[in-house]
Every structure is written in structure tokens, then in C-alpha cells.
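K.L.:
need a structure here:
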Amino acid sequence: MNVNGAINLFEAVRRAPTEPIMLIVGTSEEYLPSSGPLAETAPLAATNPYGISKQAQELFSHLYATEYGLRVIKTRSFNHTGPGQADAFVISSWCKQAVLIEQGRQEPVLHVGNLAVERDFSDVRDVVRAYRLLIECESSVGQTVNVGSGTARSLASVGELIRSASDASFKIVVDPSRVRSSDTPRIQADIGRIERLVGWKPEIPFDQTVRDMIEYWRHNLDASVAH
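P.N.:
Below you'll find the model as predicted:
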């Protein structure tokens, strides 16, 4: 879907009477794993279907920009989260579990995966602001730009932050079924390019993101469980 959807969009824009700027959102999973911050010049070596599809999407965007003059901005977006995110994603899942525990609807155990991995998390509201600034900046056209916080956090620290933000007491227990053997140990963005292009940097503190997500689940848990 990532590749075919992008090609359909490129074809439609190529035939359009206007020349809009397109923002094509990629992923940090396009990069070869590294222990240090990943700049846009870092080697690419996607190792899963999602990352491979995004890398292919980026290649097609470059082809259409070169051959047909399409005005494309490409991001490589790192992990982002926030209120309203589906509970299929790690932080939202953990926040939802914390609220279930608060309400006595789950045993006082937060079931988690690999706590040792480190990820670069941004608030989705900051990420959307980054996308808007990039689209509004003519100098961004033709660029490939990381969007991330620039900070790698261990999932163990995220679990502790959720525990401190919750009204309940609970244990944090690793569930082997949630651990993936292919997890990259550390992912961190170098965000120097986006800072230079549009002056963007994250503004929402990560602990605020977690508190807002817990509050979201306090108000939306019943609809989610019913669904």
C-alpha cells in the first residue's frame, strides 16, 4: 500500500494543472542500525517489510522529482505518540493498561516487552507542527529531513514514567510474547537539518505527553473496550 499509494499520488499530481508541494512521510526504520544519532546521510538498510516499503516509496519520490519535476519533501520520521493513538502501539498500550489497573479492571501488573531497547519518541502534535513548517518552507523542497526528538529513551524509563503518572500501584513485568528478537537496540535521530531549515525542535515535554495519554484513556477507555 505504501508504494502503490505513493505512485498513484505521484501520477495524479504529475497530470494536475497545479504544482503542489508534497510531503512524503518515511520512517527511521529505513536506516542501518547504529548506536549513535542517525543523520540523513547515514546508510539505509531497511530490514522489515514496513521499512523496505518506505525506502521504495522514497526512491519513487526521487524518480518523479527528477523525471517530472514534482515538488517533494521527504521525511524520515522517528517514533511518535500522543493522545488518541491506538493501543497497538507501545506507549498507548501501556497507558491504557495503567488506566485499566486504576479502575480495577486489570490485575496490578503492567505487561511489557523488551525494556532494554531505546527509542526516539516525539509527541505527535510536535510532529504535525514540523510537517506544517516544512510544507510552508520553499527551501525544504527536494530535501530529506529527519523528524524526531533527538533523544533516545529506554522503554524501562518510559514504564517508570507511566507508573509515576498513574494513580495506581503496579508491577512492571516482561511478557515473553511481547519481546521481538529482531528489535534494534537503539534508535536516535540527528535533527540538525530540520532545525537549520525551519527552526523546528520539540516543544512538548515527554512527561506531559505521557500524562495526556493517560488522561485520554481515562475518558475513552469504555469506547475502546466496547470496540
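
K.L.:
all strands for the protein, in order.
P.N.:
21-27, 71-77, 80-81, 109-112, 118-119, 122-123, 144-147, 153-154, 171-174 (DSSP state E).

K.L.:
per-residue confidence, the closest residue to Leu70 other than its chain neighbours, what does it come out as?
P.N.:
Spatial nearest neighbour of Leu70, chain neighbours left out: Tyr64 (4.5 Å); criterion: C-beta to C-beta, 6 or more residues apart in numbering. To be clear about C-beta, it is placed using only N, CA and C from the backbone, and glycine gets the same treatment. Looking at Tyr64, its pLDDT reads 98.

K.L.:
what about Tyr64, distance to Thr18?
P.N.:
According to C-beta to C-beta, to the nearest Å, Tyr64 stands 15 Å off from Thr18.

K.L.:
so which of the two has more stuff around it?
P.N.:
Higher neighbour count among Tyr64 and Thr18: Tyr64, with 21 against 5, using other C-beta atoms under 10 Å.

K.L.:
and that one, what does it touch?
P.N.:
Tyr64 is in contact with 10, 14, 70, 72, counting by C-beta atoms under 8 Å, 6 or more residues apart in numbering.

K.L.:
which stretches of the protein have low pLDDT?
P.N.:
224-227 (pLDDT under 70).

K.L.:
show me the contacts for the most centrally placed residue in it.
P.N.:
Taking C-alpha atoms, centre = their mean, the centroid of the chain lies closest to Asn79, which sits 2.6 Å from it. Taking C-beta under 8 Å, 6+ apart as the criterion, Asn79 is in contact with 28, 119-122, 148, 187.

K.L.:
between the residues you listed, which is closest to Glu203?
P.N.:
Among the contacts of Asn79, Ser122 lies closest to Glu203 (C-beta to C-beta), at 10.1 Å.
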